[in-house]
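Trainee: model this:
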Amino acid sequence: MPGVTYEDAPLLADLMPWSVAPPRIGRAWPAAPDPGSLRARWDAFVKADGAGREALLEPTRARTLRTAVGRLPGQSAGTERLLRASGPCPEPVRVLRAPFDEQWLIPDHRLIDAARPELWRVADAHQVFAVENPDDPALPLLATSFLPLPRSGRVRPLHRRPGGTEPNLAPGLLEHLAALLGAPVEPRDVLAWALATAGAGLAVPLTRDPEEWAEGLALGHRLLWLLRRDGERPRLPGGRRPYVRAPLPARPRTLVYDREEEALFLDEGRISPVPPEAWDFETGGVRVLEQWFTARTAEAAPGTLAAIRPAAWPQTWTSELLELITVLALLAELRPLRARLTVRHPVTATDLRTAGVLPAPDTARRPASVLTEPEEGPEGQLALI
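Mentor: Below is the predicted model:
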């Protein structure tokens, strides 16, 4: 990145000290691209008995029909052992299953090998999760409003408490930057700046120059808006917006891109225009649109709960695909701006140590004590935290 130096730049791990290992489900079926399939899978699971229910669960060392765990914070799933589970499916919640792939999850602690309850305690409408994306040097940091389930890389909530309170930032960082820049600095500004500037190893070259800060902040906030997709929906200019030109089939099997026509074909269904930049957009060496399509069409093993899926392609998937094409095209436009961003007046890690901002205290690297209401433990007992 010309003009940006990562020498002695502070690391994201120092600027946002509290991080959590990614949640790990341990089985495929509690997550799906549509909530209806999850309800049908749960119904099939609770209707099965004995060995049939155990096989459907796909038990692991962490989760069996007899595992006793508490309820996930803020959720309503039962806490009796799965051997006796009955009733309706816990209401599915939206999650980021993979980069740029928003899906649904049954929020039941008994089905998830490592749910990371500390993340659930701070997940609300005010939260933003920074997600390390170490396999993609072009976009090493992502952000989402939904609970993220990355395959690798740690999760760093922007706030340590619900309600958007107590930023997960090195104590004194906001005040120090505000004094250098001569203007207030908000927690979301620091995350936006990190999205715009983070490099290899998630080094984040800060600046003391107001003009450099304003340029990077504008780029970072646009990246944050596109990654979160909450609020006003992103749109390409007229004439470039993708539309369905030929109806998509009930069960598409193939995804093919015609570069000359800028058209995306789902079997005989056609979407255009689709910019080449959207089709070519990769993360971790995988084409995003292909990965998204495969997650919705790949066959699961017969007889498993994961094999329960929509009988026909839902209209909501078409809407999500059109928006994903739009987001990828707009993100591709920002990559050259990110590459040209310059930081000629850095605030180094040494500067932050001299100012007493770094190192962050050990307490900042641990979760805050958050218990706004009693949490139910195994078999309906009160959880002690």
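Trainee: Please count neighbours and contacts with C-alpha atoms only from this point.
Mentor: Will do.
Trainee: what residues does stretch 266-275 touch?
Mentor: Identification of contacts with stretch 266-275 by C-alpha atoms under 8 Å, 6 or more residues apart in numbering yields 240-249, 252-256, 261-265, 325, 329.
Trainee: in that stretch, what counts as buried?
Mentor: Neighbour-count burial for stretch 266-275 flags 266, 269-275 (criterion: 16 or more other C-alpha atoms under 10 Å).
Trainee: Can I get these in JSON lines including pLDDT, distance to Arg208 and secondary structure?
Mentor: Converted to JSON lines, the buried residues of stretch 266-275 look like this (pLDDT from 0 to 100; distance: C-alpha to C-alpha, whole Å; DSSP: H, G, I helix; E, B strand; the rest coil):
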{"residue": "Leu266", "pLDDT": "98", "distance to Arg208": "49", "secondary structure": "strand"}
{"residue": "Gly269", "pLDDT": "98", "distance to Arg208": "52", "secondary structure": "strand"}
{"residue": "Arg270", "pLDDT": "98", "distance to Arg208": "49", "secondary structure": "strand"}
{"residue": "Ile271", "pLDDT": "98", "distance to Arg208": "46", "secondary structure": "strand"}
{"residue": "Ser272", "pLDDT": "98", "distance to Arg208": "44", "secondary structure": "strand"}
{"residue": "Pro273", "pLDDT": "98", "distance to Arg208": "42", "secondary structure": "coil"}
{"residue": "Val274", "pLDDT": "98", "distance to Arg208": "40", "secondary structure": "coil"}
{"residue": "Pro275", "pLDDT": "97", "distance to Arg208": "37", "secondary structure": "coil"}
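Trainee: Out of those residues, which two sit at the greatest distance?
Mentor: By the measure C-alpha to C-alpha, Gly269 and Pro275 form the most distant pair in these, at 17.1 Å.
Trainee: Let me see the mean pLDDT of the helix or strand in which Leu119 is found.
Mentor: Following DSSP states H and E, one finds Leu119 within helix 117-122. Average pLDDT, helix 117-122: 96.
Trainee: ditto for stretch 10-23
Mentor: 97.
Trainee: Show the end-to-end separation of it, please.
Mentor: In stretch 10-23, first residue to last residue: 26 Å (C-alpha to C-alpha, to the nearest Å).
Trainee: Distance of Pro33 relative to Thr297?
Mentor: Taking C-alpha to C-alpha, one finds Pro33 at 10 Å from Thr297.
Trainee: If you count surrounding residues, which of those two has more?
Mentor: Per other C-alpha atoms under 10 Å, whichever of Pro33 and Thr297 has more neighbours is Pro33, with 22 against 15.
Trainee: Check the spacing between that one and Leu358 real quick.
Mentor: Distance from Pro33 to Leu358, by C-alpha to C-alpha: 42 Å.
Trainee: ok, for the residue of the chain positioned farthest from its centre, nearest residue in space, not its chain neighbours?
Mentor: Ranked by distance from the centre of the chain (C-alpha atoms, centre = their mean), the top residue is Gly50, with 35.8 Å. Nearest non-adjacent residue to Gly50, counting by C-alpha to C-alpha, 6 or more residues apart in numbering: Leu83, 7.7 Å away.
Trainee: OK, contacts around the nearest residue to Pro205 once chain neighbours are set aside?
Mentor: Excluding the flanking residues, the one nearest Pro205 by C-alpha to C-alpha, 6+ apart is Ala9, at 4.9 Å. Residues near Ala9 by C-alpha under 8 Å, 6+ apart: 203-206, 346-349.
Trainee: What of Pro59?
Mentor: Leu65 are the contacts of Pro59 under C-alpha under 8 Å, 6+ apart.
Trainee: Apply 10 Å and report the result again.
Mentor: Shown in contact with Pro59 (C-alpha atoms under 10 Å, 6 or more residues apart in numbering): 26-27, 53, 65, 67, 111, 113.
Trainee: pLDDT score for it?
Mentor: Confidence score, pLDDT, at Pro59: 97.
Trainee: try Val370
Mentor: On the pLDDT scale, Val370 gets 74.
Trainee: Next up, identify which helix or strand the closest residue to Leu195 other than its chain neighbours is on.
Mentor: Excluding its sequence neighbours, the residue lying closest to Leu195 (C-alpha to C-alpha, 6+ apart) is Gly220, at 5.6 Å. Secondary structure assignment for Gly220, by DSSP H and E: helix 210-228.
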